[in-house]
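**Student:** how does the following fold in three dimensions:
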Amino acid sequence: MPEDYYQTLGVSRSDSTEDIRKGFRQKAMEYHPDRNKTEGASDKFKEINEAYQVLSDPKKKAQYDQFGHAGVNGNRSGGSPFDGFDGFGGFGDIFDSFFGGSSRRNANQPTQGQDIYVSLELDFEESVFGVDKTISINRLEVCDTCDGSRSKNGSTPLICSTCNGQGQVRRSQKSVFGQFTQVVGCSACQATGKIIDNPCTDCKGNGIVNITRNTTIEIPQGIENGMQVRMTGWGNHGTNGGPSGNLYVETLVSAHKTFTRRKFDLIYELPLNIAEASIGASVIVPTLEDDGHILKIPAGTQFGDVLTIKGKGVPHLRGNGRGDIKVITNVNVPKKLSKYQKELLAKLSQSLNGTADTSETDYDQGSASSGFEDDKGLINKIKDILT
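**Tutor:** I've put the predicted structure just below:
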């Protein structure tokens, strides 16, 4: 019996859509074949993708919550979620009759293929500047051997004698409510109207096969963690001339060791000592694409002040401009000081409080008892010592 989809993703029924997405990302990273080489990891990864396809779709999720695997599997093959009640006097047929439904659709009807969801890990710089990535996906395609005919060596399928090739039959059912007549899919030919007496050995008479394909996907600049890139027509192949589904690639962006991203801005925390913050300084702030940017720190900078470097952030998704680097100042107060440093800071404190004489011009490095021409000279000396 298939594992519960909620257990597969490690989430609960009451979890939000975002919680389900987070659970999928976590499990996908754990069992991705490129990262997990253990036996069974590839099959587990397919189960994770299948579970996410159902639970991320509100309609499929509602069917699954009410009917379990029978609800979603039945809908995938055209069945009714009430078919399991046939042993109780045709309850499923009665219910469908009230609402104008049928227990099976015509399998000859063109049907779009299912979408495929995969995850892709990106470095921080790749998400910022864009990159072309080659990914491997498993998708359903038309069998090349029989060209989708399902028959071996080009043999012609037989017309189903039960439904005369219509794929549907009429069925009557008596119940306590009276007699109901319903059009249902032919069980003899699986609602296809054809009997395959000589099935293709490669696709086992299904007309489709599971193929692993490599494709290159273009990741646009400025994409964020959790965003999806759609590749139209790269999902599972449709049936009876129906269009293929789409491929959705969800990005998993690694954290940067220096920057934190906020939309299109980069946040950088700049450490300053108390002297640099007091009288100002010129410092080099790192950037993503060059050797850094020289930033002038104004005198009197406080803890938590924000300085901006224009146009060095993340490029906008549509290529119109870039964000900025937001530099947040972090004034560091030293926890351990030498005797000499303590004397310097004590003299500065007295000067700022107006209790010290700083008119002397001579200064002996072995002692902090001598004065300076002004407070700025004293702070410059402290800056030299602390830097």
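
**Student:** contacts only, for the nearest residue to Ser119 once chain neighbours are set aside.
**Tutor:** Spatially, and ignoring its direct neighbours in sequence, Ser119 is nearest to Ala28 (4.1 Å; C-beta to C-beta, 6 or more residues apart in numbering). For glycine as for every other residue, the C-beta is placed from the backbone atoms N, C-alpha and C. By C-beta atoms under 8 Å, 6 or more residues apart in numbering, the contact set of Ala28 is Phe45, Ile48, Asn49, Tyr52, Val118, Ser119, Glu250, Leu252.

**Student:** CA atoms of the host helix or strand of Gln350 as CSV?
**Tutor:** Gln350 belongs to helix 339-352 when assigned by DSSP states H and E. Taking C-alpha atoms only, helix 339-352 is exported to CSV below (Å, rounded to 0.1, in the frame of the first residue of the first chain):
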residue,chain,number,x,y,z
LYS,A,339,46.7,49.2,30.7
TYR,A,340,47.9,51.6,28.1
GLN,A,341,44.6,51.4,26.2
LYS,A,342,42.6,52.0,29.4
GLU,A,343,44.6,55.1,30.2
LEU,A,344,44.0,56.5,26.7
LEU,A,345,40.2,55.9,27.0
ALA,A,346,40.2,57.3,30.5
LYS,A,347,41.9,60.5,29.3
LEU,A,348,39.4,60.7,26.4
SER,A,349,36.5,60.3,28.8
GLN,A,350,37.8,63.1,31.1
SER,A,351,38.2,65.3,28.0
LEU,A,352,34.7,64.7,26.8
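
**Student:** assign Cys163 to helix, strand or coil.
**Tutor:** What DSSP: H, G, I helix; E, B strand; the rest coil gives for Cys163 is coil.

**Student:** my guess is it contacts Ala188. True?
**Tutor:** Yes - at 7.0 Å, Cys163 counts as touching Ala188 under the criterion of C-beta atoms under 8 Å.

**Student:** neighbour count for the two, which is higher?
**Tutor:** Taking other C-beta atoms under 10 Å, Cys163 and Ala188 do not tie; Cys163 has more neighbours (22 against 14).

**Student:** which one is the more buried one nearest to, not counting chain neighbours?
**Tutor:** With C-beta to C-beta, 6+ apart as the criterion, Cys163 has its nearest non-adjacent residue at 3.9 Å, and that residue is Cys186.

**Student:** per-residue pLDDT, that neighbour?
**Tutor:** pLDDT for Cys186: 84.

**Student:** burial count for it?
**Tutor:** Look at Cys186: counted by other C-beta under 10 Å, it has 21 neighbours.

**Student:** that one: what's it in contact with?
**Tutor:** Arg104, Cys160, Thr162, Cys163, Gln166, Gly167, Gln168, Val169, Gly193.

**Student:** in strands, which of the residues you listed fall?
**Tutor:** Gln168, Val169 (DSSP state E).

**Student:** out of the contacts of Cys186, which are buried?
**Tutor:** Buried by 16 or more other C-beta atoms under 10 Å: Arg104, Cys160, Cys163, Gln166, Gly167, Gln168, Val169, Gly193, out of the contacts of Cys186.

**Student:** surely Ile208 touches Cys143?
**Tutor:** Yes - using C-beta under 8 Å, Ile208 is in contact with Cys143, at 6.1 Å.

**Student:** can you name the element that comes right after the lowest-mean-pLDDT helix or strand in the chain?
**Tutor:** Using mean pLDDT, DSSP states H and E, the weakest-scoring helix or strand in the chain turns out to be helix 91-98, at a mean of 41. Sequence order places strand 116-122 as the next helix or strand after helix 91-98, per DSSP H and E.

**Student:** any low-confidence regions in the stretch 101-250 of the chain?
**Tutor:** 101-108, 174-179 (pLDDT under 70).

**Student:** can we see that at 80?
**Tutor:** Within the stretch 101-250 of the chain, the ranges that satisfy pLDDT under 80 run 101-109, 153-155, 171-182, 190-192, 240-241.

**Student:** ranges for the strands of it?
**Tutor:** Along the stretch 101-250 of the chain, counting by DSSP state E, counting those that start in this stretch, strands occupy 116-122, 131-142, 158-159, 168-175, 178-185, 194-195, 208-219, 228-231, 247-253.

**Student:** return the set of buried residues in the second one.
**Tutor:** The reference is to strand 131-142. For strand 131-142, the neighbour count (16+ other C-beta under 10 Å) marks Val131, Lys133, Ile135, Ile137, Asn138, Arg139, Leu140, Glu141, Val142 as buried.

**Student:** with stretch 267-283 instead?
**Tutor:** The neighbour-count check on stretch 267-283 (16+ other C-beta under 10 Å) flags Ile267, Tyr268, Leu270, Leu272, Asn273, Ile274, Ala275, Glu276, Ala277, Ser278, Ile279, Ala281 as buried.
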